[in-house]
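Novice: can't give you the sequence, but here's the structure:
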DNA sequence: AATCGCTATATTTGTTAGGATATAACGAAA
DNA sequence: TTTCGTTATATCCTAACAAATATAGCGATT
């Protein structure tokens, strides 16, 4: 059986984490569910953790990633901005490319 | 100021971690110092942690990565095998290549 | 056979991240 | 103006993880 190579990538803005795998799956869940609390529930993480993640994302992004409304119809909710959606898409693409790249690189170790 | 992209890669063997950045810096320190305890001291980590890391490396590698001698001249010591040295070298190379690759990919996000 | 510095391991103590819980504030709609 | 399901935040508690400490065992050298 051969070795496997794994990776974790993230994007920082001014030493704060903007996007990582956890944040991206959270953003996807928000997009799907329409609210932060439902997204947290669907991912089986606490609301607190989800809120902290999202807060840090919005604080470190150059443009808003979500729009959170408080009160109002249905109590409020959260939805991705266009910028947020394209960030998610780009991150996924980079991640997939990285995996493919690393799988090729792994050959260097397999034949030692 | 733009975003930065960071990564962490590691190699697994049969679901156990073989090499990661911490393990590689430990192996380098062992190579330099000639013993596990001195390596741990030079990295400011506890001997226990260093030992656990090295143990897990040797358990999951297909060939021995270090040769540890217990007792004897100077009380013993640890040194890298040829396989160990080439693993370290290959890992570093893959890591550097990955950074370069990701830096290019980051452009996709910069121009959103 | 005594010494030495190391590997190898168990045990105990400390620290920190996260979970659970509680609650205030909000604004549209009825 | 009351209800509702959110966002937003603070506080406490616990459980997982890391550090500190202790100690046994080893074997070449003297």
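Specialist: Happy to help now that I have it. What you are looking at is a predicted structure, and each value in this text was computed from that prediction instead of being measured. Numbering: from 1, shown residues only, chains lettered A, B, ... in the order given.
Novice: every contact and neighbour count from this point should use C-alpha atoms.
Specialist: Noted.
Novice: so residue A:6 sits in a helix?
Specialist: No: the assignment for residue A:6 is strand, going by DSSP: H, G, I helix; E, B strand; the rest coil, so no helix is present there.
Novice: ok, what's across the strand from it?
Specialist: residue B:10 (DSSP bridges).
Novice: what's the neighbour count on it?
Specialist: 16 (other C-alpha atoms under 10 Å in any protein chain shown).
Novice: same check, this time on the one 5 residues further on
Specialist: By other C-alpha under 10 Å, the residues close to residue A:11 number 20.
Novice: would you mind measuring from the residue nearest to it when sequence neighbours are not counted to residue A:14?
Specialist: Distances taken as C-alpha to C-alpha, 6 or more residues apart in numbering or on different chains put residue B:5 closest to residue A:11, at 4.4 Å, once the chain neighbours are dropped. Note on residue B:5: its distance to residue A:14, by C-alpha to C-alpha, to the nearest Å, is 11 Å.
Novice: and if you look at residue A:107?
Specialist: Distance of residue A:107 to residue A:14, computed by C-alpha to C-alpha: 35 Å.
Novice: re the thing from before, my read: the residue nearest to residue A:11 touches residue A:8, true?
Specialist: No: between residue B:5 and residue A:8 there is no contact, the gap being 10.7 Å when judged by C-alpha atoms under 8 Å.
Novice: between these two, who's got more neighbours?
Specialist: Counted by other C-alpha under 10 Å, residue B:5 and residue A:8 do not tie: residue B:5 has more neighbours, with 21 against 14.
Novice: report pLDDT for the spatially most central residue of chain A.
Specialist: By C-alpha atoms, centre = their mean, the mean C-alpha position of chain A lies nearest to residue A:24, the distance being 1.2 Å. We note a pLDDT of 98 for residue A:24 in this prediction.
Novice: over to residue A:73?
Specialist: In the predicted model, residue A:73 carries a pLDDT score of 86.
Novice: equivalent analysis for residue A:1, please.
Specialist: The confidence metric pLDDT takes the value 61 at residue A:1.
Novice: same deal with the one 4 residues further on?
Specialist: Among the per-residue scores, residue A:5 holds a pLDDT of 97.
Novice: correct me, but it touches residue B:12?
Specialist: Yes: look at residue A:5 against residue B:12 with C-alpha under 8 Å: they come within range, at 6.2 Å.
Novice: got the contact list for the residue nearest to residue A:11?
Specialist: Under the criterion of C-alpha atoms under 8 Å, 6 or more residues apart in numbering or on different chains, the neighbours of residue B:5 are A:9-12, B:102-103, B:106.
Novice: can you put those residues in TSV and add distance to DNA strand D?
Specialist: TSV is the format used below for the contacts of residue B:5 (distance: C-alpha to the nearest atom of the strand, whole Å):
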residue	distance to DNA strand D
A:9	19
A:10	20
A:11	22
A:12	21
B:102	27
B:103	29
B:106	28
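Novice: out of these, which are buried?
Specialist: When the contacts of residue B:5 are checked for burial by 16 or more other C-alpha atoms under 10 Å in any protein chain shown, the buried set is A:9-12, B:102, B:106.
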